[in-house]
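[1] Generate coordinates for the sequence data below:
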Amino acid sequence: MWTSIKSVASLLASYGLLMVANAMFGTLLGLRSTLEGFSTEITGVIMAGFFIGMLLGALYAVRVVASAGHIRSFAAFASIMSVAVLAHVLIINPFAWFFLRAVTGFCMAGMIMIVESWLNEKSTNATRGRVLSFYMITNYLGAGSGQFLLTVANPGSFQLFSVASIIFSLALVPILLTRATAPKPSVPERMKFTNLIKISPVGVLGTLTAGLTNSAFNSMGPIFAAANGLNIGQISTFMASILLGGMLLQFPVGRLSDHFDRRTILIIAGVATAAASLGIVWAVTQSHGITIFIFGAIYGGFCYTIYPMSSAQVNDLADQDRLVQVSAGLLLAYGIGASIGPILASQVMGVVGPNGLFYYITVCTVFLTLFTLLRILQRPAGKQKAEFLPLGSLGSSSKQLYSTVLDQNQGRDVE
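    Numbering: from 1, shown residues only. Purely as a prediction, here's the structure:
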């Protein structure tokens, strides 16, 4: 096991630093937008820029990598991100911030694609599963721990922007010093949405729902917490509890879905997410301090399993020779949901108040639950299953590792 860790340590270090800086900066920008007097609706549009940029990056960043190479591309992306972060302080304007968020999203997608393809190159068939596990742990630990950097300085000052810029720049160092051979980028062919829906309507709707809800929380969660009177330390703890809760339940929930009808476990996850969402609202209205974090951990534990379970549901029913195309199509579906999630959630919050964030999430997950229940009644469970594989908390995976491991696992006899 330690040999596997050592072989990818430098790449995971770069990825971990990216997650730390990205998570901290996302929360910081939400809080700073409020301090600058931007409305909730405008803030939602600004935050959606990141996911729009990520969607464009997932589609087109590979062309940059193919042209300039992995090392030069990573250096360029990291440098642009460092500049974009600092530019937020120099140009305080919602239109400029939206553009800058889109730029950072594009660069983040490109850097993650580079890290994942490099990890894939360093892995063997025997170690790839363990590498994926370490990769996901790094994802959640980095995003969760990054929240606590908010307590280092006042969000109303420039220091935290500088800290984020420094960390993005430091993420360059491990990957530039790695001795791993840079792989050749690949551009998987995407499957038509109509064909994807025919394979599994539940899987596609679940992927879309995950994009709608995860991006909404990641973007508007800090604003919800601040509007309900939580201080900076409590906001950091609240955001971290949800991300770390997602890390803890990924594998237990995933293993359950490997042994039972995946749609049944998806219904349980949807109900638990909706219940935890309402529990968070109840806790903040009753000023129950630690209860907020407990419900937050429960919420994160279940909401972040909807995406990988939905993806696995589609792969259960797809042709084995089209898994890469299916994977690329699902990433696009998630990206579309993530691009509009913060906008929709912010509009609801603007009408009913900050608690509207979790009312919005509750409606989304309840709709998914009811639709899944209807599909169970219409179509019985299939016999063949693809193995559950965890996916990142921010929907930021290029799925290089995911596609490869899934293709490898299809060669085994799984129930």
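
[2] Please save the CA atoms from stretch 106-122 in PDB.
    What follows is stretch 106-122, C-alpha atoms only, in PDB (Å, rounded to 0.1, in the frame of the first residue of the first chain):
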ATOM      1  CA  PHE A 106     -11.800  26.600 -16.900                       C
ATOM      2  CA  CYS A 107      -8.200  26.400 -15.500                       C
ATOM      3  CA  MET A 108      -9.300  24.200 -12.600                       C
ATOM      4  CA  ALA A 109     -10.900  21.700 -15.000                       C
ATOM      5  CA  GLY A 110      -7.700  21.700 -17.100                       C
ATOM      6  CA  MET A 111      -5.400  21.100 -14.100                       C
ATOM      7  CA  ILE A 112      -7.500  18.400 -12.700                       C
ATOM      8  CA  MET A 113      -7.600  16.600 -16.000                       C
ATOM      9  CA  ILE A 114      -3.800  16.800 -16.100                       C
ATOM     10  CA  VAL A 115      -3.400  15.400 -12.500                       C
ATOM     11  CA  GLU A 116      -5.900  12.600 -13.200                       C
ATOM     12  CA  SER A 117      -4.300  11.500 -16.500                       C
ATOM     13  CA  TRP A 118      -0.900  11.600 -14.800                       C
ATOM     14  CA  LEU A 119      -2.100   9.500 -11.900                       C
ATOM     15  CA  ASN A 120      -3.600   7.100 -14.400                       C
ATOM     16  CA  GLU A 121      -0.300   6.800 -16.100                       C
ATOM     17  CA  LYS A 122       1.500   6.100 -12.800                       C
END
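
[3] List the buried residues in that stretch.
    Within stretch 106-122, the residues scored as buried using 16 or more other CB atoms under 10 Å are 106-122. Using the backbone N, CA and C atoms, a C-beta is placed for each residue, glycine as well.

[4] got it, and stretch 65-75?
    Applying 16+ other CB under 10 Å to stretch 65-75 flags V65, H70, I71, S73, F74, A75 as buried.

[5] what's the average pLDDT for it?
    In this model, stretch 65-75 has an average pLDDT of 83.

[6] so where does P155 fall, helix or strand?
    Under DSSP states H and E, no helix or strand contains P155.

[7] got the contact list for it?
    Taking CB atoms under 8 Å, 6 or more residues apart in numbering as the criterion, P155 is in contact with L28, L31, R32, L35, I232.

[8] What values do phi and psi take at it?
    The phi/psi pair for P155 (degrees, to the nearest 10) reads phi -60, psi -20.

[9] Can you give me the neighbour number for the closest residue to it other than its chain neighbours?
    Excluding the flanking residues, the one nearest P155 by CB to CB, 6 or more residues apart in numbering is L31, at 4.7 Å. Counted with other CB atoms under 10 Å, the neighbours of L31 add up to 20.

[10] so who does L31 touch?
    Taking CB under 8 Å, 6+ apart, we find L31 in contact with L150, P155, P222, I223, A226, I232, I235.

[11] Among the buried residues of stretch 106-122, name the ones in helices.
    Under the assignment DSSP state H, the buried residues of stretch 106-122 contribute 106-122 to helices.

[12] got the contact list for L170?
    By CB under 8 Å, 6+ apart, the neighbours of L170 are L17.

[13] wait, I meant I175
    Residues near I175 by CB under 8 Å, 6+ apart: S10, L11, S14, I71, F74, I114, V115, W118.

[14] and if we set it to 7 Å?
    S10, L11, S14, F74, V115 (CB atoms under 7 Å, 6 or more residues apart in numbering).

[15] Any regions of the stretch 301-415 of the chain where pLDDT drops low?
    The stretch 301-415 of the chain contains residues with pLDDT under 70 at 320-324, 380-415.

[16] Pull out the buried positions in stretch 339-359.
    Burial within stretch 339-359, assessed by neighbour count using 16+ other CB under 10 Å, is assigned to 339-350, 354-359.
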